[in-house]
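> here are the coordinates; sequence isn't available:
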């Protein structure tokens, strides 16, 4: 079986996000880019499966829609242990566009298991995994927190209200993965970093797909105002503030 | 190799180089950045969560963590591929030393293993010794230590009493003696031990396996800081060390010890950078959370002053670290081309830059002490609480001024080594100094009309160098061979040399950055304040030196020259510091 892990290139989670003057794009100056944390955990789990001979996983590939500037992030994935990588040479404009591009790659390369992080930590759209499965007409399983291979069949664990659901699904399928899939992201070892230089990184041109969304403006959330502490002996003041200041009752 | 001018060790006193000729950290390649990230990830995943247990002196835990670092390949960074390592450049080795430097006592244990525990065998071992030990040390299968200091032999290392006698059958050296302050003693598998054979005046070096009968490891010392690292005494009672474990030639031990100390101290110069970056990030995060009088303390000018001062010293120190690291890399390549032996080429190149190694050690360790002290102060009462990382940083920092040669010894080395290199003919120090001294009445500030920003900075640094030359000539003229006894004056000169080398490195870095990135206002602020402060340090040190060596007749004209040569244009240091602090506060972590 072959696994594909879709990876997104996102600002380091400690980045203070700034916008350009017209608030229409993110100011990328000085940003350190990393693998989307959910994707990194997916990759870690994929590599764990490959390390276990009984899983029968032959290869782990990563795919990414982005320009050449995102190659350090792709090589990081190779350094962590992915066997090869595919970069679709295009700026990712929205989830529809990204999913369509990835689906085209999957059609041609025939992967059995497609892992997508449940969301990316920049736009948090939570759309790509589901859309890929729609484009390909294959099953998708969301909120996956565990995956193993038993007798050639994938067994998935889903987080549901009040418990867990264990399900099996025939390949090919898309697993939309959340935290819990792996304990900690795997750290790139020196040997992996050295090998990343020579691992295949295929660059392919995008297919023609329209973007369905356009970002018109970015806004930062309003700064959190100071907390007001109310004496428990004085509930009237609380009601007054909720009615007249917060205007929520 | 690109065509760039490289100075010899100490030559910066009399020669200038261009910004294009130095390496700056902003030029790290993708692979180097990835290696640094691996080190950071490792600290986050394996070290920080276990820091409290490490602080309790858990030797087993430290050993486990070191083994994990070995599994990731981090112990093979400096080791050539033929011995199972990754043969990384010296710049990369320094970057790893820097990054792991944020790991408190883990960093000490790790660096001791990778540096003084492993590299003496790599650099001075024969083929058999290298093959037997290096691959296992590079993978972490074996952990190493270095045993030089004795109860009666600290800075005066050659006075050690540990003795080795050849056995009657000629198969072993019988080792007897005692070593102390041995890092990793509690769990190391191998030791590089220095001892005198028979009645030799000089030391020899041996590879001793800790499991040999007669090797007794004492309990861990109770220390002020780096509590997680095992530091103990080791006793040797009739230990039979196989003759094939003599490292290098008989009597070569002192040379090995000194070379390894050069290596240790230059890597310490990188190590403290990582610790300081963490302390600054901890400082600004706290200042951005802590409110007093209804506002964040990061909005106060007094706190901004502290934050900016931390950044300036760190950034300057870092500039010098990577400048010389690249010079060493170039020299390694040249020496390797001659000898074909990477190990020997590396240690010879490091030893060549002994002046800069001592500068980085002293400047860096004092930089970290300053940064750690201000980090505690910014935290206020919380900084005194053992809950906070800055409290540990403060305690851990202190040892850096003591080990790898005390800062007092290293200050003397800075001047002594530069003068010896000049006498050897590496560069013309004394001729230039004499010419300058004899024309002291004609010295001026050298200011020209409408000089550019960087021309002005270069002029200041050239002037600082002139002050140093005046003091060197004046002191040598006055005391001649007895100058070695005038340690106070040598310290004055060392301080000026250190400040000048670091300021020059910073100036060249900012100039190169300006060329690469265009407008770099906040980095110019760093440079402005650094030069402003350096001028003051040079002036004070030169005053102290001049009044200590010059006659009453000569000192007025020397002091006037010092005044002219340390005269700089005034700047609004308050605003400059605020801009630097504002960037740090905005980023909420050290991202310069």
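Looks like it came in fine. Because the structure is a prediction, the values reported are computed rather than measured.

> the residue nearest to residue B:585 when sequence neighbours are not counted: what's it in contact with?
Distances taken as CB to CB, 6 or more residues apart in numbering or on different chains put residue B:298 closest to residue B:585, at 4.8 Å, once the chain neighbours are dropped. In this view, the C-beta of every residue, glycine as well, is placed from N, C-alpha and C. Shown in contact with residue B:298 (CB atoms under 8 Å, 6 or more residues apart in numbering or on different chains): B:284, B:287-288, B:304, B:307, B:581, B:585.

> what helix or strand is residue B:379 on?
Assessed by DSSP states H and E, residue B:379 sits inside helix B:354-379.

> that helix - what's its average pLDDT?
What helix B:354-379 shows for mean pLDDT is 98.

> other residues contacting the helix or strand following it?
Proceeding N to C from helix B:354-379, the next assigned helix or strand is helix B:389-397, under DSSP H and E. Defining contact as CB under 8 Å, 6+ apart, one finds that helix B:389-397 is touched by B:51, B:55, B:104-105, B:108, B:224-226, B:272, B:275, B:278-279, B:282-283, B:286, B:365, B:368-369, B:372-373, B:375-376, B:379, B:383-386.

> gap between helix B:389-397 and the chain center?
Centre-to-centre, helix B:389-397 and its host chain are 18 Å apart (CA atoms, centre = their mean, to the nearest Å).

> could you do stretch B:220-233 as well?
21 Å.

> so which bits of it are buried?
Neighbour counts using 16 or more other CB atoms under 10 Å in any protein chain shown place B:220-221, B:223, B:225-233 of stretch B:220-233 among the buried residues.

> name the nearest residue to whichever residue of chain A sits closest to chain B, sequence neighbours excluded.
The minimum distance from chain A to chain B, using CB to the nearest CB, falls at residue A:190 (2.8 Å). Of all residues not flanking residue A:190 in the chain, residue B:73 sits nearest, at 2.8 Å (CB to CB, 6+ apart).

> now residue A:147
residue A:156 (5.4 Å).

> surely the one you found is within a strand?
Yes - according to DSSP: H, G, I helix; E, B strand; the rest coil, residue A:156 belongs to a strand.

> got the phi/psi numbers for the closest residue to chain A within chain B?
Nearest residue of chain B to chain A: residue B:73, at 2.8 Å (CB to the nearest CB). Backbone torsions for residue B:73, taken as degrees, to the nearest 10, come to phi 90, psi 0.

> what helix or strand is the residue nearest the centre of chain B located in?
Most central in chain B under CA atoms, centre = their mean is residue B:269, positioned 2.3 Å from the mean C-alpha point. Assigned by DSSP H and E, residue B:269 falls within helix B:253-287.

> that helix and chain A, are they touching?
No - for helix B:253-287, no contact with chain A is found by CB under 8 Å from any CB of the partner chain; the gap never falls below 9.7 Å.

> next helix or strand past that helix?
Downstream of helix B:253-287, the first helix or strand assigned by DSSP H and E is strand B:291-292.

> which neighbouring elements make contact with that following strand?
Here strand B:291-292 touches no other helix or strand, going by 3 or more CB pairs under 8 Å, 6 or more residues apart in numbering or on different chains; DSSP states H and E.

> check residue 173 and give its pLDDT.
Using chain A here. Note on residue A:173: pLDDT of 97.

> actually chain B
The model's pLDDT for residue B:173 equals 98.

> what residues does the stretch 451-592 of chain B have near chain A?
Within the stretch 451-592 of chain B, the positions adjacent to chain A are B:586-589, B:591 by CB under 8 Å from any CB.

> run through the neighbouring helices and strands of the helix holding residue B:379.
helix B:253-287, helix B:301-339, helix B:389-397, helix B:407-424, helix B:487-517.

> near chain B, which residues of chain A are found?
So chain A meets chain B at A:14, A:16, A:30, A:72, A:75-76, A:79, A:184-185, A:187-191, A:193-194, A:196-197 (CB under 8 Å from any CB).

> just the mean pLDDT for stretch B:128-147, thanks.
97.

> for stretch A:239-249, that is, sorry about that
In the prediction, stretch A:239-249 has an average pLDDT of 89.

> kindly report the same for stretch B:61-74.
pLDDT averaged over stretch B:61-74 gives 97.

> where does residue B:199 land in three-state SS?
coil.

> burial count for it?
7 (other CB atoms under 10 Å in any protein chain shown).

> ok, it to residue B:150 distance?
In this structure, residue B:199 lies at 17 Å from residue B:150, with CB to CB, to the nearest Å as the measure.

> and if you look at residue B:167?
23 Å.

> and the two? which has more neighbours close in?
Neighbour tally, residue B:167 and residue B:150, criterion other CB under 10 Å: the higher count belongs to residue B:150, 21 against 13.

> contact partners for that one?
B:160-162, B:177-180 are the contacts of residue B:150 under CB under 8 Å, 6+ apart.

> returning to that earlier point: could you dump the helices and strands packed on helix B:354-379 to TSV with mean pLDDT?
Converted to TSV, those look like this (pLDDT from 0 to 100):
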stretch	mean pLDDT
helix B:253-287	96
helix B:301-339	97
helix B:389-397	97
helix B:407-424	96
helix B:487-517	97
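
> any idea which of those is most buried?
helix B:253-287 (a mean of 25; mean count of other CB atoms under 10 Å in any protein chain shown).

> and the angle from it to helix B:407-424?
130 degrees (axes from the mean of the first three to the mean of the last three CA atoms, to 10 degrees).

> tilt between helix B:253-287 and helix B:301-339?
Using the same axes, to 10 degrees: helix B:253-287 against helix B:301-339 is 150 degrees.

> how about residue A:34, nearest residue that isn't a chain neighbour?
Leaving aside its sequence neighbours, residue A:34 sits nearest to residue A:12 (CB to CB, 6+ apart; 5.1 Å).

> pLDDT on the strand or helix carrying residue A:72, on average?
Assigned by DSSP H and E, residue A:72 belongs to helix A:71-80. In this model, helix A:71-80 has a mean pLDDT of 97.

> helices or strands next to it in the packing?
strand A:33-35, helix A:37-51, strand A:59-66, strand A:84-89, helix A:190-196, strand A:201-204, helix B:30-42.

> quick one: distance of that helix to the chain centre.
Distance, stretch centre to chain centre, for helix A:71-80: 15 Å (CA atoms, centre = their mean).

> ok, now stretch B:399-418?
With CA atoms, centre = their mean, you get 10 Å for stretch B:399-418.

> residue B:216: what secondary structure?
Three-state call for residue B:216 (three-state DSSP): strand.

> what's the burial count for the closest residue to it other than its chain neighbours?
Excluding its sequence neighbours, the residue lying closest to residue B:216 (CB to CB, 6+ apart) is residue B:235, at 4.3 Å. A count of neighbours around residue B:235, defined by other CB under 10 Å, yields 16.

> who are the packing partners of the helix or strand containing residue B:235?
Taking DSSP H and E as the definition, residue B:235 sits inside strand B:231-242. The contact analysis (3+ CB pairs under 8 Å, 6+ apart) places strand B:231-242 against strand B:172-183, strand B:190-197, strand B:204-209, strand B:215-220.

> for residue B:323, which of these is the nearest?
Residue B:323 lies closest to strand B:172-183 among the helices and strands packed on strand B:231-242, at 28.2 Å (CB to CB).

> and that closest one, what other elements does it pack with?
Judged by 3+ CB pairs under 8 Å, 6+ apart, strand B:172-183 is in contact with helix B:104-112, strand B:144-147, strand B:163-166, strand B:190-197, strand B:204-209, strand B:231-242.
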